[in-house]
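# Requesting a structural model of the entry that follows:
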Amino acid sequence: MFATGLPVTTFAVFRFTLVAALPLQVFFNALPKQWIM
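Numbering: from 1, shown residues only. Model (predicted):
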């Protein structure tokens, strides 16, 4: 059970990190540009 559940959990965490990191990366990339302007 643990051996089959591990890849699914890892994939879910990886996908969640990917989805959560995209808006954060765009937000932090746009933030310094606004401060400079």
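# Any figure for the gap between residue 4 and residue 17?
With distances taken as C-beta to C-beta, to the nearest Å, residue 4 is found 21 Å from residue 17. Glycine gets a C-beta too; all of them are placed from N, C-alpha and C.
# I meant residue 5, not that one.
With distances defined as C-beta to C-beta, the gap from residue 5 to residue 17 amounts to 18 Å.
# repeat for residue 31
20 Å.
# go on, residue 30?
20 Å.
# And residue 10, by the same measure?
Separation of residue 10 from residue 17 (C-beta to C-beta) stands at 11 Å.
# Buried residues in whichever strand or helix holds residue 11, which are they?
In the assignment (DSSP states H and E), residue 11 maps to helix 2-36. In terms of neighbour count (16 or more other C-beta atoms under 10 Å), helix 2-36 has no buried residues at all.
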